[in-house]
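Chemist: have a look at this prediction, sequence included:
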Amino acid sequence: MSESAAAGIRRVPRFLTASLARELGILLCLSVMFPVLIHVLPVPGDEQWGPRLLPMFYAPLLAALWGRKRSAVTLALVAPWLNWGLTAHPSPSGALVMMIELLVFVGVFRMLMAAVGVRWFLAAPAFLAGLTAAALVVAGVPVLVGGQAAATWAVRSVVIGLPGIAILVLINWAALRCYPPGPHGGPVAA
């Protein structure tokens with residue numbers, strides 16, 4: 001092959017490098033571990049801690065915060081279904097709604113970071129944007145939330161999820177304080 005032909009050939013970037021596979025493995029384990037640990041906590045009656053504490057959002061938040069775009073999007077797509085496959089929670093319709101919420105959450109979080117910089121409170125508006133997007137889908141397909149009206153479901157989700165929203169903001173703040181993102185995405189090495 002001539003030099004000019006070789007110069008025109010570019011190396012195709014690989015999506016799944018060893019580093020990304022390790023990162024995804026850790027984040028997927030966390031995205032399953034957090035909900036399982038939350039559901040192990042004893043709760044009076046038949047209430048669940050998951051909708052209150054929002055553990056499915058913790059690992060995608062960290063991935064998005066530290067600039068791991070591919071990992072954050074992969075978590076948003078895979079984590080609800082992995083949890084359903086391993087624990088039967090959430091239900092398939094709930095997993096679909098959760099996937100939409102997580103995808104928009106991650107996307108809006110990254111857009112807000114690009115627009116206003118890294119701030120401690122960005123998890124709250126990103127969560128509300130994800131919930132709004134899911135409510136729009138639910139408005140068209142109410143069977144996803146048991147036939148409830150989309151607005152009723154969304155308001156109920158916010159009210160029930162207030163402790164979880166506070167936890168997301170706390171994780172956002174703590175991660176920025178203890179492990180701020182560096183210029184290339186990941187946390188600054190100590």
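Modeler: Structure received. Numbering: from 1, shown residues only.
Chemist: once you drop chain neighbours, what's closest to Val138?
Modeler: Excluding the flanking residues, the one nearest Val138 by CB to CB, 6 or more residues apart in numbering is Ala150, at 4.4 Å. C-beta: built from backbone N, CA, C; applies to glycine.
Chemist: need the contact list for that neighbour.
Modeler: Ala150 sits next to 135-136, 138-139, 142 when contact means CB atoms under 8 Å, 6 or more residues apart in numbering.
Chemist: correct me, but Trp173 touches Arg119?
Modeler: No: the criterion here is CB atoms under 8 Å, and Trp173 misses it with Arg119 at 9.3 Å.
Chemist: joint contacts of these two?
Modeler: With contacts taken as CB under 8 Å, 6+ apart, Trp173 and Arg119 have no neighbour in common.
Chemist: chain neighbours aside, what residue packs nearest to Arg52?
Modeler: Nearest to Arg52 is Pro163, by CB to CB, 6+ apart, at 5.3 Å.
Chemist: pLDDT value on that neighbour, please?
Modeler: You'll see Pro163 listed with a pLDDT of 96.
Chemist: circling back to that earlier point, and the two most separated of the contacts of Ala150?
Modeler: Pairwise distances across those (CB to CB) peak at 11.8 Å, for the pair Leu136 and Pro142.
Chemist: so Trp120 touches Ala175, yeah?
Modeler: No: Trp120 is beyond contact range of Ala175, at 9.1 Å (criterion: CB under 8 Å).
Chemist: avg pLDDT for stretch 78-87?
Modeler: So the average pLDDT for stretch 78-87 ends up being 92.
Chemist: of all the residues in that stretch, which ones are buried?
Modeler: Neighbour counts over stretch 78-87 (16 or more other CB atoms under 10 Å) mark 78-80, 82-84 as buried.
Chemist: re the thing from before, quick check on Trp120 and Ala175: which one has the bigger neighbour count.
Modeler: Ranked by neighbour count (other CB atoms under 10 Å), Trp120 and Ala175 place Ala175 first, with 19 against 14.
Chemist: not counting its neighbours along the chain, what's nearest that one?
Modeler: Distance criterion CB to CB, 6+ apart; nearest residue to Ala175, sequence neighbours excluded, is Leu65 at 5.5 Å.
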